[in-house]
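Trainee: let me see the structure of the following:
(one chain, ligands or ions: 2)
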Amino acid sequence: MENPFRYGEIVTGRAFTDRRTELAELTADIHNGQNVVIISPRRYGKTSLVFQAIDGLKREGVLVAYLDMFRTPSKDRLATHLAQSIYGGLVAPFGRLWQRATDVFRNLPLNPKITINQDGAPSFEFAPGERERDVDQAIEALLGLPGQIAQERQRRVAFVIDEFQQAVDIDPHLPAVMRAVFQLQTEVAHVFLGSRQHLLQRVFTAENEPMYRLAKPLPLRAIPAADFAEFIASQFASSGQRITGEAVERILTATGCHPHDTQELSYFTWEMARSEGAPAGASTVVRALERVIDAEDARYTTLWEGLSPYRRLVLLSVASAGGNGIYSQEYRRQHRLGAASSVQRAMAYLLENDLVESTPDGAYHVPDAFLRAWLQRLSVSQPIKRP
Ligand SMILES: Nc1ncnc2c1ncn2[C@@H]1O[C@H](COP(=O)(O)OP(=O)(O)OP(=O)(O)O)[C@@H](O)[C@H]1O
Ligand SMILES: [Mg+2]
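Mentor: Ligands and ions are numbered 1, 2, ... in the order given. Okay, here's the model as predicted:
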């Protein structure tokens, strides 16, 4: 039997659970041509949610272009991937004739090199080394295409831009260019996704920012415990393994219902139950958690090594004591943190990089449950097992 849990990849279908409200809301917004921005911590299921929505929308005749800005660290790559995703999502559904590809891109300020793959589908490339101004103009023209296609075809178009924070990194002027083009595209629903929460919230909600009020925020929370519990139990049952109610609860307490972390810990718990040939109980989860932290050790070590000693100290104190009243004299003395201004600077860094998050009651916490456990292990100075 195959392990029914999946993590680190986009999940749809049977590996996808809950999100009924968000899915209905997102689908309705796209049908209405409403722009949406989905901001959440890393690995909360933004991309999976959008893919699940896209599945349904395509069947209803909506044209969808999906651009992952994670793959576009430079402008010529952005132009290349833009062309590719516009062609794949908005042009190819009307026939794969390569003639179409040249038609669509003929009027651009720069023409991409078009190659025809073995399966007859074209691929595009804007070569590096073109004049920056020309590339900028090509990008602007490409961004305008979804609107033109929607009008020509009389179809609703959804244009999804994943890892949108990269836009700011590639060129601080890019969001303003996008706004200028997008606000004229009334037939297109623009969907922006991103995980640098601080940066994105600012870009979409601060009055002097280019994306101000361009899109409706759709918050994505952890999956409700009851739904996740049912999901874990049924994935175990349908794959021929058993798990106790207590063990399910242990998993969810350890992960705080974080989607990715819950799937990861469930995966390890399932493997352990299989190798031991016994139902998973609470102690199985405890051992599985140790395994997960071992598996994540390399990643956390790199992260740790990238921090200054002082930032490490502040992070450790938040992980162990919760950071409640972190700027108070009492707290700073207890954790030997020194001046309040130094704590403020370190916290600004940790918050900006999402290593620490503020909680609704004004305290702070380390949102990554496994990092929290790793830090706790570090502070009680248990030897860290290395493979
Ligand atoms: N609805 C869901 N049901 C079950 N598991 C989910 C769900 N959504 C996300 N997950 C889990 O979370 C993981 C991350 O999902 P996904 O890549 O969609 O998140 P993301 O927010 O786009 O992440 P990133 O911030 O890295 O872009 C998935 O591999 C899966 O394990
Ligand atoms: Mg994603």
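Trainee: pretty sure V50 sits against F192.
Mentor: No: if you go by Cβ atoms under 8 Å, V50 and F192 don't touch, sitting 10.3 Å apart. Heads up, the C-betas are built off the backbone N, CA and C, glycines and all.
Trainee: quick one: common contacting residues for those two?
Mentor: Contact criterion Cβ atoms under 8 Å, 6 or more residues apart in numbering; residues shared by V50 and F192: I38.
Trainee: neighbour-wise, which of the two wins?
Mentor: F192 (30 against 24; other Cβ atoms under 10 Å).
Trainee: so what sits opposite that one in the bridge?
Mentor: V37, I161 (DSSP bridges).
Trainee: what's the distance between it and M347?
Mentor: Computed with Cβ to Cβ, to the nearest Å, the distance linking F192 and M347 is 27 Å.
Trainee: same deal with L199?
Mentor: 17 Å.
Trainee: between the two, who's got more neighbours?
Mentor: Taking neighbours as other Cβ under 10 Å, L199 and M347 compare with M347 leading, 21 against 17.
Trainee: that one belongs to a helix?
Mentor: Yes: when DSSP: H, G, I helix; E, B strand; the rest coil is applied, M347 is found to be in a helix.
Trainee: that one is in contact with Y364, isn't it?
Mentor: Yes: checked against Cβ under 8 Å, the pair M347 and Y364 is within contact range at 7.4 Å.
Trainee: common neighbours of these two, please.
Mentor: Contacts common to M347 and Y364, judged by Cβ under 8 Å, 6+ apart, are 326, 356.
Trainee: name the nearest residue to F204, ignoring sequence neighbours.
Mentor: Closest residue to F204 apart from its sequence neighbours, by Cβ to Cβ, 6 or more residues apart in numbering: M211 at 4.8 Å.
Trainee: look up phi and psi at that neighbour.
Mentor: phi -90, psi 10 (degrees, to the nearest 10).
Trainee: and it, what's its pLDDT?
Mentor: Per-residue pLDDT puts M211 at 93.
Trainee: surely it touches V203?
Mentor: Yes: the criterion here is Cβ under 8 Å, and M211 meets it with V203 at 4.9 Å.
Trainee: need the overlap of contacts for these two.
Mentor: Common neighbours of M211 and V203, using Cβ under 8 Å, 6+ apart, are P175.
Trainee: up against ligand 1, what does this protein have?
Mentor: With Cβ under 6 Å from any ligand atom as the criterion, the chain meets ligand 1 at residues 6-11, 16-19, 40, 42-48, 195, 259-260, 263.
Trainee: kindly give a single PyMOL line that selects the buried subset of the residues you listed.
Mentor: In PyMOL, this line selects whichever of those come out buried by 16 or more other Cβ atoms under 10 Å:
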select buried, resi 6+7+11+16+17+18+19+40+43+44+45+46+47+48+195+259+260+263
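Trainee: all strands of the stretch 251-387 of the chain, in order?
Mentor: 357-358, 364-365 (DSSP state E, counting those that start in this stretch).
Trainee: nearest residue to the residue in the stretch 101-250 of the chain that ligand 1 sits nearest to other than its sequence neighbours?
Mentor: Of all residues in the stretch 101-250 of the chain, S195 sits closest to ligand 1, at 3.8 Å by Cβ to the nearest ligand atom. Leaving aside its sequence neighbours, S195 sits nearest to R42 (Cβ to Cβ, 6+ apart; 4.6 Å).
Trainee: kind regards, and thank you for your time.
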